[in-house]
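**Student:** I need the structure of the sequence given here:
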Amino acid sequence: MSIVRNSLAVVAASTLLALTSACGGADKVATCTEATKAMTDYQTAAAAAGANFDNLNKATADFSSKLKELAGKADGDLQSALQKVGDSFAELKIDPSDPAAATKVTEFAKKASEGAQSFAAACA
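**Tutor:** Numbers count the residues shown, from 1 in each chain. Purely as a prediction, here's the structure:
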């Protein structure tokens, strides 16, 4: 399951980079800042979860909810991007007994990366 954790770490880091670099428009700065904080909080919670996938799943669900909440405060492309990233994280639930878990993480990573790129474009 270390491949799952490593994949999640890469996705989280790339999403944080997109969120951090995306905060360009003055009217979007507050939402971008909140989204960046939510990602930092998620990374901290995910790291603290260690091998406890229940805690990781809870952290992921909480992060998804926060992004969807932020999407409700935004409009246009920013709203769409936050919703897309939130939806991607909402779909992720790690079951260590599932032999296809690594494949699911790979699919998730692709969706999350696409969402992060949309977010970066919307905040620019």
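
**Student:** Select the longest helix from the chain.
**Tutor:** helix 101-123 (DSSP state H).

**Student:** Tell me the helices and strands packed up against that one.
**Tutor:** helix 2-21, helix 29-49, helix 76-90 (3 or more CB pairs under 8 Å, 6 or more residues apart in numbering; DSSP states H and E). Bear in mind the C-beta positions are built from the backbone N, C-alpha and C, glycine included.

**Student:** now the angle from the shortest one to helix 29-49?
**Tutor:** Counting by axes from the mean of the first three to the mean of the last three CA atoms, to 10 degrees, helix 76-90 points 10 degrees away from the direction of helix 29-49.

**Student:** Tell me the helices and strands packed up against helix 76-90.
**Tutor:** Packed against helix 76-90 by the contact rule (3+ CB pairs under 8 Å, 6+ apart) you find helix 29-49, helix 53-73, helix 101-123.

**Student:** count of residues packed around residue 35?
**Tutor:** 31 (other CB atoms under 10 Å).

**Student:** typed the wrong thing, it's residue 103
**Tutor:** 10.

**Student:** got the buried residues for stretch 90-103?
**Tutor:** 90, 92, 94, 101 (16 or more other CB atoms under 10 Å).

**Student:** wait, the first one sits on residue 61?
**Tutor:** Yes. The pair residue 90 / residue 61 is scored as a contact, 7.0 Å apart, by CB atoms under 8 Å.
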